[in-house]
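1. build me a model:
(one chain, ligands or ions: 1)
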Amino acid sequence: MTERFFGHIIDGEEVPSADGGNFEVWNPWTQDVWAHAAEGGAEDAARAVASSRRAFDEGPWPQLGRAERAAAIHRLADLMEQRADELATLDTTNMGKPFAQAKHDVARSVWNFRFFADHQRDHRGEVYPMDSGHHTYSEYGPAGVVAAISPWNFPLMMASWKVAPAIAWGNTCIIKPSEDTPASVTMLGRLAAEAGLPPGVLNVLNGQGTPAGSSLTGDDRVDRVTFTGSSATGKRVMASAASHLAPVSLELGGKGANIVFDDADLDNAVHWAVEAIFRNSGQVCLAGSRLFVGSGIYSEFMARFVEAAEALPIGDPFDPATKFSSLASKKHFDKVSSYLEGVPDDGGKVVTGGIDESGRWLVRPTIITGLPLTAPAYCEEIFGPVCVVNRFESEEEAVALANDTRYGLNAMLFTENLSRAHRVASRLRAGTVWVNCFFIRDLRTPFGGAGDSGVGREGGDFSREFFTEPKAVVMQIQR
Ligand code: TXE
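-> The predicted model follows:
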């Protein structure tokens, strides 16, 4: 047993599993077990839900004034800021992302808490004057107990997207981080207790999807289920929540289209094409993994894109020079590798990259051309540093190619033609479209996807809709 241990955080205390079970936590760069975490079972899940239920039903959290609740969440954000290096170290060690990116993720997580704390504090309701001599106003009360299930690609940040709006709106929350990355979210639970959040407002349950996650989603004391992960698991989560009619918010996978028109600013387009598929080693639901390039610039664009991909500094994620590192786990390395192994048989050409020969769980920045539109590597989410490229002749063809997918999370387009930018953005079937940029997010705006990319939207007022139980109060004004 290593010294480092991540327990569950229940009722403000860090506790082991009821049966004493635990699992190994890996460092994917060194390929060592560097910690253990509590293996949550049905009994632990039930205990966490009971704790959050009590904290909701008996208070004080849901009844606190908005300013007081905001202040408590800002205290948590302050602590996260003070311990940013520690949190980032946990994510880099546990997941393998370059330390500078992990620091950036912590900063964004802090901002999520601050944003939603202030958003609920400052929010305004609506009043509807009625011709009948009444008026109706809306009230947004907390929904109750939220079960949140988060993935491993942005361990702290994805958790913060869920936890921050959930608790800001007066709910209590149990978060189950991915079994691959329990570290930073457990620390978040410790910091919540240190910040003085009442016991049970934020519980952390560690463990596998089944039984830990499924015990949460299927518990009829849970009022909302928010999940980020694979489309296949999302369907199971939705079915489980349906057993007790808990509304779900699902943020699932993607196969983002990136369209570069002939009139694009090439420096900008190449820069973002690289970021869009190789940041976080491509383990991003928003990755621009299908790239479509106008035939007039195809040769020049490809030469520059390949050169930039090959120039990415690869190495130890704690080395400040590193921009690209290993994949997050052996399981994930095997998945990405299996897609690459199928490429030659499907007629694709690996222009650069491929599986690294070092024995690490490393796939180099990979660019593939010539794949048929039905090949698994072309149409399925690989979730790795693998970009499939096609050329197009017309705007019509580019839009058709981009929309030819079961996913609908995001798309990007690069053009200097303003009319085309608006026209194409409007025709793309995607929850977010970036024009001449990538990865920019304003937390007030809707975020989510269509088709296999998910159900619902989060962000700003969209999060309010999900994490509250809106009520209409009808007042008689004239007798
Ligand atoms: O995902 P899972 P995995 C995609 C990506 C990746 C693939 C598999 O393509 O290769 O999913 O990754 C919990 N009830 N994305 O296996 O299974 C699980 O413990 C309740 C896209 O990690 O979806 C973890 O906490 N919970 C993505 C979380 O669900 C369950 C991010 C995600 O696991 C459960 C990650 C169950 N029955 C992967 N089964 C994105 N959208 O960004 C599992 N879990």
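2. every contact and neighbour count from this point should use C-alpha atoms.
-> OK.
3. where does the residue nearest in space to the middle of the chain sit: helix, strand or coil?
-> In the chain, the residue lying closest to the centroid (Cα atoms, centre = their mean) is Met158, at 4.2 Å. Under DSSP: H, G, I helix; E, B strand; the rest coil, the three-state class of Met158 is helix.
4. so what's it up against?
-> 150-151, 228 (Cα atoms under 8 Å, 6 or more residues apart in numbering).
5. one more pass at 10 Å, please.
-> 105, 109, 112, 148-152, 177, 185, 227-228 (Cα atoms under 10 Å, 6 or more residues apart in numbering).
6. near the ligand, which of the residues you listed show up?
-> 149-151, 177, 228 (Cα under 6 Å from any ligand atom).
7. ok, which pair from these is furthest apart?
-> Pro177 and Thr228 (10.1 Å; Cα to Cα).
8. any low-confidence regions in the stretch 151-300 of the chain?
-> Judged by pLDDT under 70, the stretch 151-300 of the chain has no weakly predicted residues.
9. still on that earlier bit, list buried residues within the ones next to the ligand among the contacts of Met158.
-> Among these, the ones that count as buried by 16 or more other Cα atoms under 10 Å are 149-151, 177, 228.
10. could you dump these to TSV with secondary structure?
-> Shown next, in TSV, are these (three-state DSSP):
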residue	secondary structure
Ile149	strand
Ser150	coil
Pro151	coil
Pro177	coil
Thr228	strand
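11. which one is whatever residue of the stretch 51-200 of the chain ends up closest to the ligand nearest to, not counting chain neighbours?
-> Nearest residue of the stretch 51-200 of the chain to the ligand (Cα to the nearest ligand atom) works out as Ser178 at 3.3 Å. Nearest residue to Ser178 in three dimensions, chain neighbours excluded: Pro151, at 4.9 Å (Cα to Cα, 6 or more residues apart in numbering).
12. ramachandran angles for Arg457?
-> phi -130, psi 150 (degrees, to the nearest 10).
13. follow-up on the earlier one: quick one: the residue nearest to Ser178 from Gly229, how far?
-> 6 Å (Cα to Cα, to the nearest Å).
14. and Ser326, its phi and psi?
-> Dihedral angles for Ser326 - degrees, to the nearest 10 - are phi -70, psi 170.
15. just Asp85 next, same as before
-> Here Asp85 shows phi and psi, under degrees, to the nearest 10, equal to phi -60, psi -40.
16. in this structure it contacts Lys103, no?
-> Yes: at 6.9 Å, Asp85 counts as touching Lys103 under the criterion of Cα atoms under 10 Å.
17. more neighbours: the two, which one.
-> Ranked by neighbour count (other Cα atoms under 10 Å), Asp85 and Lys103 place Lys103 first, with 19 against 16.
18. list the contacts of the nearest residue to that one once chain neighbours are set aside.
-> Closest residue to Lys103 apart from its sequence neighbours, by Cα to Cα, 6+ apart: Ala88 at 5.2 Å. Counting by Cα under 10 Å, 6+ apart, Ala88 touches 94, 97-107, 156, 184.
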